[in-house]
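**Student:** no sequence for this one, just the structure:
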């Protein structure tokens, strides 16, 4: 029997403001536009509220301190749930050790729960890379079995389990034992009105970041947290290869993180430090609009929000073949230039990335056409469709109704 959702509580512990946390804010704000009450239950120390975007958001914030004892943490969570009285929870930290307890707790309190898998193709027992005997055997990891059990308990207990792409859905079904009628592909959505090409501001942003001679430069860029695995180093190495052919090439990198110093050193080592600019832009549509080509070179990615944002801003994009990028670009047509929305690369090798970017830099008409197709493809991942599918999954509607909404979100794929 269906239940109308009037009050939603997001549960998150994002220590950094990445795609998963942006998903919370975007979806929460959209829910609010539908007259649904929204709060965030955040589980980091009070001191971090000062600098974290969750601490400055317009959505109400509750805080459960991250204590040393799981029982104390669980007791505090229970008290907050009783105070908030939500109709539904959306658990946004499904990989964290303690969060598998939240669906169990919610079930005892009669609260519906959506368990969101954002990153099942990163450090996870299901895709642990083989490292022993020349890459032919997986090593033993003490955390593998308890992590698997946590995922299974949460997947069985939650009312709905949401994954960002079909590959992740299949992994979750295989490993968590989740019933197919509670397992849904609901990718994070973006605000298509916010993310669109701003041609009028393009020249101004390029000049602000690259100087007054920026008008005739070819600009490539990426946006990611500067940590290992996001492939920013690959973009820098590819740019070094491209600089030999394109003397006016420039690179814009939006993001920050612990690897920034190492990446700046890499740019100096590759001899292109004067071409690479690290930014923290407050207005991301302006950043994307300033680029000629956007590259996302992550080693793993369940759904790259930055990739979809760049596509919505009509940028020509290239991406490494992660589960998310295959889903976002369309696996089968990604390299057919008659229908492609972007170039899906064969690997994350810098030479492969450079070759694909070069293919676009020398063909401005192709870039423009790919940008138009990218915008159309990005429309499949609007926040409106994500919100509708999430609410249907949470409200316990009949499977046929939920499946129809999910077909809208996923463009007809199963």
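**Tutor:** Yep, it's here. Nothing here was measured: the structure is a model prediction, and the numbers come from that model.
**Student:** could you give me the average pLDDT of stretch 145-155?
**Tutor:** Mean pLDDT, computed over stretch 145-155, is 79.
**Student:** can you pull the buried residues of it?
**Tutor:** 147, 150-155 (16 or more other Cβ atoms under 10 Å). Where you see a C-beta, it was placed from the backbone N, CA and C, and this is true even at glycine.
**Student:** How far does that stretch sit from its chain's centre?
**Tutor:** 22 Å (Cα atoms, centre = their mean, to the nearest Å).
**Student:** again with stretch 376-392
**Tutor:** On Cα atoms, centre = their mean, the centre of stretch 376-392 falls 14 Å from that of its chain.
**Student:** Now go through the buried residues of stretch 145-155 and say which are in helices.
**Tutor:** 147, 150-155 (DSSP state H).
**Student:** how about CSV for these, with distance to residue 9 added?
**Tutor:** CSV is the format used below for those (distance: Cβ to Cβ, whole Å):
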residue, distance to residue 9
147, 25
150, 21
151, 22
152, 24
153, 20
154, 16
155, 20
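**Student:** Of those residues, which is the nearest to residue 63?
**Tutor:** Residue 63 lies nearest to residue 154 out of these, by Cβ to Cβ, at 22.3 Å.
**Student:** Could you count how many residues lie near the closest residue to the closest one other than its chain neighbours?
**Tutor:** Counting by Cβ to Cβ, 6 or more residues apart in numbering, residue 154 lies nearest to residue 100, which is 4.1 Å off, once chain neighbours are set aside. When neighbours are counted by other Cβ atoms under 10 Å, residue 100 registers 24.
**Student:** Give me the three-state assignment for the residue nearest to residue 299 when sequence neighbours are not counted.
**Tutor:** Excluding its sequence neighbours, the residue lying closest to residue 299 (Cβ to Cβ, 6+ apart) is residue 229, at 4.6 Å. Recorded secondary structure, residue 229: coil (DSSP: H, G, I helix; E, B strand; the rest coil).
**Student:** How much space separates residue 229 from residue 222?
**Tutor:** 13 Å (Cβ to Cβ, to the nearest Å).
**Student:** show me what contacts residue 327?
**Tutor:** 164-167, 187, 303 (Cβ atoms under 8 Å, 6 or more residues apart in numbering).
**Student:** sec struct for it, please.
**Tutor:** helix.
**Student:** ok, so what distance separates it from residue 118?
**Tutor:** 13 Å.
**Student:** Identify the contacts common to the two.
**Tutor:** Common neighbours of residue 327 and residue 118 (Cβ under 8 Å, 6+ apart) are 164, 303.
**Student:** So for residue 229 and residue 222, which residue has more residues nearby?
**Tutor:** Neighbour count, other Cβ under 10 Å: between residue 229 and residue 222, residue 222 has more, with 27 against 16.
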